[in-house]
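Colleague: return atomic coordinates for the entry below.
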Amino acid sequence: MTTAAAHDTGLTGHLSDPAFWARPPAAREAVFAELRRRDRPAFFTELKLPFIRRGAGYHALVRHADVVEASRTPEVFSSEPCSNSIADLPGYLSRYFGSMINMDDPRHARLRRIVSRAFTPRMLARTETGLRASARRIVDDLIARGPGRGHGSGDFVTDVAARLPVQVICDMMGIPEADRAMVYDRTNIILGIGDPEYSGGREFARTGITRTGVLYGLAAGLTAGYELNHMAMRLARRRRRAPADDLVSALATANVDGESLTDQEIGSFFILLVVAGNETTRNAMAHGLRLLTGAPGQRELLLADFDGRIAGAVEEIVRMATPVIQFRRTLTRDHEMNGNRYRAGDKVLLFYNSANRDETVFERPDRFDILRSPNPHVGFGGPGPHFCLGANLARREITVMFRELFERVPEIRATGEPDRLYSNFINGIKHLPFTY
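Modeller: Model prediction:
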């Protein structure tokens, strides 16, 4: 038995170093492969950030077995006080960015019980018609913008991948068309804190992680969260007075065993939904085109039997892409797991990207294989109460979009390297050149 305690990692990369996340993906994956070979989880000190209290550090859970077991044991590996930030967020940030992912039962179960009404098979079936219509419009626009004769090019993220999820979610929520560009822009800011293209403007890009740069980044994220939160709260108040056939109305008027959501809870859930549903699905689509372009044999397999193979292809795309890199958990008590001891108050980071490349679970894990079976990936989170509520919606969006693309512009391909999001949280692609 060993104790998972602070120790010198001796690695070629430090997971808390911002420079590590600017490395090419292959270089980062090599470090995670080294971590998986170690006999106990490595411990990393936290980055010192202005305005935020620095914690003691965290254990990096990089093996599939550890990530799965921690996910299944929420009474020990708690999502409170924070799961989407290594540092404990100050109250003025957690007010907007908390929601269900930063809660344990019974609060988490109460909220999930209410909002899960939006993701029942019946509700998703109602979404299907609008989803297909949105995908058709996107490809219509793609073809209309081309020079003719079935040829064209552009940025796959902005022209295709980013459009569908935000349209679907805004349709579900009943967000007016005039507000949708703002929703898309603010979600980029929230998940792009640290990337100079999205957060903090020129000042953050110029100074980076300094007091001034972080202040600009936090201010941008807080402003974006405030605007999305209050837009949803205003809509919820209107829907209570005059309900419509949309998700905000369902949430605003829901009463499950005498329980309902407050305006603040609806606002926070809306941020979670648009951020998670928009960013993760669009990134899976962008990674999917890149993967299918780089593996022409897999592309041919898919097109030879799209209906029979797309489900497996989607799961493999999500495994390879792992749009959400990690979430944090905090130990509620001393605990022993897979031969290692942890102490109450310890932080652990569940690195889904590493678990999805675990050689003991996935044969040839770096190979893109749409026929891979079984495929017990954790790209939608590990098993347990925090498994992604919108996983089935994401699967449908990816399926519908690729069906529309491959039926109407079957020669579509990525033509260059992706412009990647600078983040230790989201495996994002900001821009991807393509042609058809």
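Colleague: quick check: buried residues in the strand or helix carrying residue 401?
Modeller: Using DSSP states H and E, residue 401 sits in helix 391-408. Of all the residues in helix 391-408, those buried under the rule 16 or more other CB atoms under 10 Å are 393-402, 404-406, 408. In short, each C-beta sits where N, CA and C put it, glycine included.
Colleague: now stretch 322-338: buried residues?
Modeller: 322-332, 335, 337.
Colleague: no wait, stretch 68-88
Modeller: Buried residues in stretch 68-88, counting neighbours by 16+ other CB under 10 Å, are found at 68-71, 74, 76-79, 82-88.
Colleague: pLDDT on that stretch, on average?
Modeller: Averaged across stretch 68-88, the pLDDT comes to 91.
Colleague: repeat that for stretch 233-251.
Modeller: According to the model, stretch 233-251 has a mean pLDDT of 87.
Colleague: now do that stretch: distance to the chain's middle.
Modeller: The chain centroid and the centroid of stretch 233-251 are separated by 26 Å under CA atoms, centre = their mean, to the nearest Å.
Colleague: residues near residue 186, how many?
Modeller: Applying other CB atoms under 10 Å, we find 24 residues neighbouring residue 186.
Colleague: swap that for residue 240, sorry
Modeller: Counted with other CB under 10 Å, residue 240 comes out at 14.
Colleague: so who does it touch?
Modeller: Counting by CB atoms under 8 Å, 6 or more residues apart in numbering, residue 240 makes contact with 252-253.
Colleague: doesn't it belong to a helix?
Modeller: Yes. Under DSSP: H, G, I helix; E, B strand; the rest coil, residue 240 sits within a helix.
Colleague: returning to what we had before: what is the rounded mean pLDDT of the helix holding residue 401?
Modeller: Helix 391-408 comes out at a mean pLDDT of 95.
Colleague: residue 237: which of the buried residues of helix 391-408 is nearest?
Modeller: Taking CB to CB as the measure, residue 393 is the one of these closest to residue 237, at 26.0 Å.
Colleague: now, the buried residues of stretch 322-338 that are in strands?
Modeller: The members of those that map onto strands under DSSP state E are 326-331, 335, 337.
Colleague: would you reformat those as CSV and include distance to residue 39 and pLDDT?
Modeller: Output for those, formatted as CSV (distance: CB to CB, whole Å; pLDDT from 0 to 100):
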residue, distance to residue 39, pLDDT
326, 21, 96
327, 24, 95
328, 23, 96
329, 21, 97
330, 24, 97
331, 20, 97
335, 18, 98
337, 14, 96
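Colleague: now for those: which two are most distant?
Modeller: Spatial extent of those (CB to CB) is set by the pair 326 and 335 at 19.4 Å.
Colleague: so which residues of the chain form strands?
Modeller: Using DSSP E, the strands of the chain run over 2-3, 43-44, 58-61, 77-78, 153-155, 326-331, 335-337, 340-342, 347-351, 413-414, 419-420, 429-431, 433-435.
Colleague: these into JSON lines, with extra columns for distance to residue 27?
Modeller: What follows is the strands of the chain, written out as JSON lines (distance: least, CB to CB, whole Å):
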{"stretch": "strand 2-3", "distance to residue 27": "28"}
{"stretch": "strand 43-44", "distance to residue 27": "17"}
{"stretch": "strand 58-61", "distance to residue 27": "17"}
{"stretch": "strand 77-78", "distance to residue 27": "29"}
{"stretch": "strand 153-155", "distance to residue 27": "25"}
{"stretch": "strand 326-331", "distance to residue 27": "17"}
{"stretch": "strand 335-337", "distance to residue 27": "29"}
{"stretch": "strand 340-342", "distance to residue 27": "27"}
{"stretch": "strand 347-351", "distance to residue 27": "15"}
{"stretch": "strand 413-414", "distance to residue 27": "21"}
{"stretch": "strand 419-420", "distance to residue 27": "13"}
{"stretch": "strand 429-431", "distance to residue 27": "17"}
{"stretch": "strand 433-435", "distance to residue 27": "23"}
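Colleague: of those, which approaches residue 307 most closely?
Modeller: Counting by CB to CB, residue 307 lies closest to strand 413-414 out of the strands of the chain; the figure is 21.7 Å.
Colleague: who does the closest one pair up with?
Modeller: Strand 413-414 has the following strand partners under DSSP bridges: strand 433-435 (antiparallel).
Colleague: buried ones in the partner strand, by neighbour count?
Modeller: Buried residues in strand 433-435, counting neighbours by 16+ other CB under 10 Å, are found at 433-435.
Colleague: distance between that strand and the chain's centre?
Modeller: Relative to its parent chain, strand 433-435 has a centroid offset of 24 Å by CA atoms, centre = their mean.
Colleague: not counting it itself, show me its contacts.
Modeller: Counting by CB under 8 Å, 6+ apart, 151-156, 159, 289, 412-416 sit against strand 433-435.
Colleague: kindly recompute the last result at 10 Å.
Modeller: With contacts defined as CB atoms under 10 Å, 6 or more residues apart in numbering, strand 433-435 is touched by 142, 146, 151-157, 159-161, 286, 289-290, 293, 405, 409, 411-419.
Colleague: I figured residue 323 hits residue 427, correct?
Modeller: Yes. Counting by CB atoms under 10 Å, residue 323 touches residue 427, with 5.5 Å between them.
Colleague: ok, back up a step: and which of the buried residues of stretch 68-88 is nearest residue 49?
Modeller: Looking across those and measuring by CB to CB, the closest to residue 49 is residue 87, at 6.5 Å.
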